[in-house]
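*Asks:* How does the following fold in three dimensions:
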Amino acid sequence: MSAGTAWDSPGTATHPLARVRLAPPRRTPAWWPDAIGSLTWASILITAALWVQHRGLQSLSGGLGSGLTSLGRLSGLISADLMLIQVLLMARVPMIERSYGQDVLARRHRLVGFASFNLLMVHLLLITVGYGISSHKNPIKQFIEFVLDYPGMLLAFAATMLIVLVTVTSIKVARKKLRYESWHLLHLYAYLGVGLSIPHEVWTGTEFASSRIATLYWWTLYAAAAGSVLIWRVGIPLWRSMRHGLTVQRVVEEGPGIVSVHVGGRNLHRMRAGAGQFFTWRFMDGPGWTRGNPYSLSAAPQDDSLRITVKDLGDGSSRLAELKPGAKVLVEGPFGKLHAGVRTRRRVTLLASGIGITPMRALMEEVEHRPGELTLIYRASTESELVFRHEIDAIAARTGARVYYVLGRRVPGRDTWLPQAAAHLTDSQALRELVPDVEQSDVYICGADGWMDAAREAALGAGVPEEHIHLERFTW
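*Replies:* Alright, predicted model coming up:
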C-alpha cells in the first residue's frame, strides 16, 4: 500500500502509458501443447509396438524365464524412450519451452525422470531373474556375468550408476542439502549416462536392431535429443551472446544483499525477450563462470540494455556484487511464460512477494494498460524490505496503475499470503477487497513457493478461472 501501513489505500496515478514494447514475445499457438503431448504418447506406443513386432507377446507364453525376460525388455525400452523424452523436455526447444513454461516443464521433467528410473530398475531385475531362470543360475551370478561378459554391459552399468546418482540427488530431501551449482553439475552426468547406454542397446539390445524401422526409429530419437541439446543449450546461446555483444555495464546496490546488474548489448530486440521472462546467465569474470543461474528481468528490456536484480541466497548470487563493468556475459534464453504474451484480458493483477517483485516490476512497466486496469500487490514484512519502491511509484503515477504495499508479519499457524493486519479476512476476501474486479483479470503471481500456492488459491476462490492465473516456480 502506498504508505505501507493502511490496508486499503492505493497509490495515486494519473497519466496513460506512453511506452511501446520493442519486440513482444510471440504468442504460443493453442494447439502446440496438444501436439507435443500427442507426440510423447505416440513415441511410447511406437516403442511398445516395436516390442510386439519382435515377438514380445509370444515370448510371454514361453515359460517363466522367457516371460520375465520379455517384460524386462519392454520396461527397458520404455525407460530408454522416457529418458530421451526427459532430455527433450529440458533441451530448451522453443516450441516446448513456449508451450509449457519452466514451471510445468520442471515438474514434467521430474515426473518423466522418476518413471524412467523406476522402469530401468524393473528392467534390470526382470532381465537378470529371467535370464537366470532360463540358464539355471542364481540372480547374483547372472548379474555379474552380464556386466563382465556381455558386450557393452560394463558401460551400461556405469551409465546406470550415473543415473542412480542423478535420481537420488533429485529427491526433495537431497536437493535441499545441495547448492544449486552442485545440483546442476551432478545433473549434467545424466547426459553422460544416456551416451554410455548406447553401446549396450546397439550390441545386445535386440529390439534396437530387430528391423530397419526399429533401427531408424531409435537412431532418429537419439539424434533428435542430442541435436536439440547441442543446438539449443550450446550453439544458439553462444551465437546469440556473441552476436549481441553482451557485457556488464554497472552493478547497483538496491538494498541489503540485493543488487541489480545492468547488461549492455546491441540489437537486443532481436532476442524477443519480454518483461517477466528469465535468462540463464553466465558472467565471464573468473573461476565459476561456467555455472549458469536463472534470473528474471527486473525491467522491461531495451534495445541496448537488460537488467536483472538478484538477492544474495548463497547459490552463486553473492559474486554478482563483485562484477566489474566490461565483463562479458553469456546467456541462454529468454525463457518462461510469465510475460505479456499470455495475457487474454484487459485487466491485470500482479501479486509479488519478496524478490518475486523483479518480474512483476518489469511487467508493470511493459504491459499496456489504461488507468485503473492494472493492480500491483506487493507483499513484504517491513517497508525497508521493499525493492524498487520509487520506481514502482513512478510507474504508477505515469500509467494509472493501482499499487498496494501489503506489509507485516505472516499470520501465524496459517498458510496464507496475508499479513497479521488482515488475519480477520480469508485470503480470497482480502484479494477481492483490494481488487473488487479481480475475477475479470489475468493474475500473475511470483514469490516463494508456499506464498504462491496461497495466492493462487486466493485467486481461484475469488472467481479467477485457472487459465487466467499465470505463475512460474524457480525452485530446482
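
*Asks:* can you list the domains in this structure?
*Replies:* The record's domain split for the chain, according to automatic domain parsing, is 32-236, 242-335, 340-471.

*Asks:* Now mean pLDDT and mean neighbour count too, for the ones you listed, in JSON lines please.
*Replies:* Quick note: C-beta positions are derived from backbone N, CA and C, even for glycine. Supplementary listing: these in JSON lines, determined by pLDDT from 0 to 100; neighbours: other Cβ atoms under 10 Å:
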{"stretch": "domain 32-236", "mean pLDDT": "88", "mean neighbour count": "17"}
{"stretch": "domain 242-335", "mean pLDDT": "89", "mean neighbour count": "18"}
{"stretch": "domain 340-471", "mean pLDDT": "93", "mean neighbour count": "20"}
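
*Asks:* What residues does N138 make contact with?
*Replies:* Applying Cβ atoms under 8 Å, 6 or more residues apart in numbering, one finds that N138 lies in contact with G132.

*Asks:* Would you list the phi and psi of it?
*Replies:* The phi and psi torsions at N138 (degrees, to the nearest 10) take the values phi -70, psi 150.

*Asks:* Against G62, how distant is it?
*Replies:* Note on N138: its distance to G62, by Cβ to Cβ, to the nearest Å, is 21 Å.

*Asks:* For the top helix by length along the chain, name the packing helices and strands.
*Replies:* Counting by DSSP state H, the longest helix found in the chain is helix 94-135. Using 3 or more Cβ pairs under 8 Å, 6 or more residues apart in numbering; DSSP states H and E as the contact criterion, the elements in contact with helix 94-135 are helix 32-53, helix 64-89, helix 139-149, helix 153-168, strand 328-335.

*Asks:* what would the ones you listed look like in TSV with distance to E391?
*Replies:* Formatted as TSV, the entries for those read as follows, by distance: least, Cβ to Cβ, whole Å:
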stretch	distance to E391
helix 32-53	35
helix 64-89	36
helix 139-149	61
helix 153-168	41
strand 328-335	21
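
*Asks:* and of these, who's closest to A224?
*Replies:* Relative to A224, the nearest member of these by Cβ to Cβ is helix 64-89, separated by 6.9 Å.

*Asks:* Report the angle between that closest one and helix 32-53.
*Replies:* For helix 64-89 and helix 32-53, the angle between their directions (axes from the mean of the first three to the mean of the last three Cα atoms, to 10 degrees) works out to 160 degrees.

*Asks:* Go ahead and measure how far helix 64-89 is from the middle of the chain.
*Replies:* On the basis of Cα atoms, centre = their mean, to the nearest Å, helix 64-89 is displaced by 26 Å from the centre of the chain it belongs to.

*Asks:* Give me the most central residue, the protein.
*Replies:* Note on the chain: the residue nearest the mean C-alpha position is Q102, at 2.7 Å, using Cα atoms, centre = their mean.

*Asks:* The nearest residue to L125 once chain neighbours are set aside and Q142: what is the separation?
*Replies:* In space, and not counting its chain neighbours, L125 is closest to G72: 7.5 Å by Cβ to Cβ, 6 or more residues apart in numbering. Applying Cβ to Cβ, one obtains 12 Å for the distance of G72 from Q142.

*Asks:* isn't there a strand covering L320?
*Replies:* No: using DSSP: H, G, I helix; E, B strand; the rest coil, the assignment for L320 is helix, not a strand.

*Asks:* Touching, it and V251? I think so.
*Replies:* Yes: L320 lies in contact with V251 (Cβ atoms under 8 Å); the separation is 6.9 Å.

*Asks:* Spit out the contact partners of the residue nearest to L125.
*Replies:* 122-128, 130.

*Asks:* can you list those in TSV and add distance to R179?
*Replies:* Rendered in TSV, the data for the contacts of G72 read as follows (distance: Cβ to Cβ, whole Å):
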residue	distance to R179
V122	33
H123	33
L124	31
L125	34
L126	37
I127	37
T128	37
G130	42
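
*Asks:* what ranges do the helices span in the stretch 151-300 of the chain?
*Replies:* 153-168, 172-176, 180-203, 212-228, 236-244 (DSSP state H, counting those that start in this stretch).

*Asks:* Turn those into TSV, including distance to S381.
*Replies:* As requested, the helices of the stretch 151-300 of the chain are arranged in TSV below (distance: least, Cβ to Cβ, whole Å):
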stretch	distance to S381
helix 153-168	36
helix 172-176	23
helix 180-203	24
helix 212-228	43
helix 236-244	37
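
*Asks:* nearest to F279, of the ones you listed?
*Replies:* helix 236-244 (9.2 Å).

*Asks:* Output the closest one as PDB, nothing but the C-alphas.
*Replies:* Once non-C-alpha atoms are left out, helix 236-244 reads as follows in PDB (Å, rounded to 0.1, in the frame of the first residue of the first chain):
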ATOM      1  CA  ILE A 236      22.300 -20.900 -30.100                       C
ATOM      2  CA  PRO A 237      23.300 -19.400 -26.700                       C
ATOM      3  CA  LEU A 238      26.900 -19.000 -27.800                       C
ATOM      4  CA  TRP A 239      25.900 -17.500 -31.100                       C
ATOM      5  CA  ARG A 240      23.300 -15.100 -29.600                       C
ATOM      6  CA  SER A 241      25.700 -13.900 -26.900                       C
ATOM      7  CA  MET A 242      28.400 -13.100 -29.400                       C
ATOM      8  CA  ARG A 243      26.000 -11.600 -31.800                       C
ATOM      9  CA  HIS A 244      24.600  -9.100 -29.300                       C
END
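
*Asks:* quick one: that helix to chain centroid distance?
*Replies:* Distance, centroid of helix 236-244 to centroid of chain: 21 Å (Cα atoms, centre = their mean).

*Asks:* what's in contact with it?
*Replies:* 265-268, 270-271, 280, 328-332.

*Asks:* returning to what we had before: out of the helices of the stretch 151-300 of the chain, flag the one nearest A352.
*Replies:* Shortest separation from A352 across those is recorded for helix 180-203, at 21.8 Å, computed as Cβ to Cβ.

*Asks:* hang on, the earlier thing: can you lay out the contacts of helix 236-244 as a markdown table showing distance to L425?
*Replies:* Output for the contacts of helix 236-244, formatted as a markdown table (distance: Cβ to Cβ, whole Å):
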| residue | distance to L425 |
| --- | --- |
| G265 | 46 |
| R266 | 50 |
| N267 | 49 |
| L268 | 43 |
| R270 | 47 |
| M271 | 42 |
| T280 | 39 |
| K328 | 50 |
| V329 | 45 |
| L330 | 47 |
| V331 | 42 |
| E332 | 42 |
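
*Asks:* for those, which one is nearest R410?
*Replies:* Taking Cβ to Cβ as the measure, R410 lies nearest T280 of those, at 31.4 Å.

*Asks:* Is the closest one bridged to anything, and to what?
*Replies:* When bridges are assigned using DSSP bridges, the partners listed for T280 are P294, E332.

*Asks:* pretty sure it contacts T290?
*Replies:* No: in this structure, T280 is not within contact of T290 by Cβ under 8 Å, at 11.6 Å.

*Asks:* Any figure for the gap between the nearest residue to P301 once chain neighbours are set aside and A362?
*Replies:* Distances taken as Cβ to Cβ, 6+ apart put A273 closest to P301, at 4.8 Å, once the chain neighbours are dropped. Distance, A273 to A362, using Cβ to Cβ: 10 Å.
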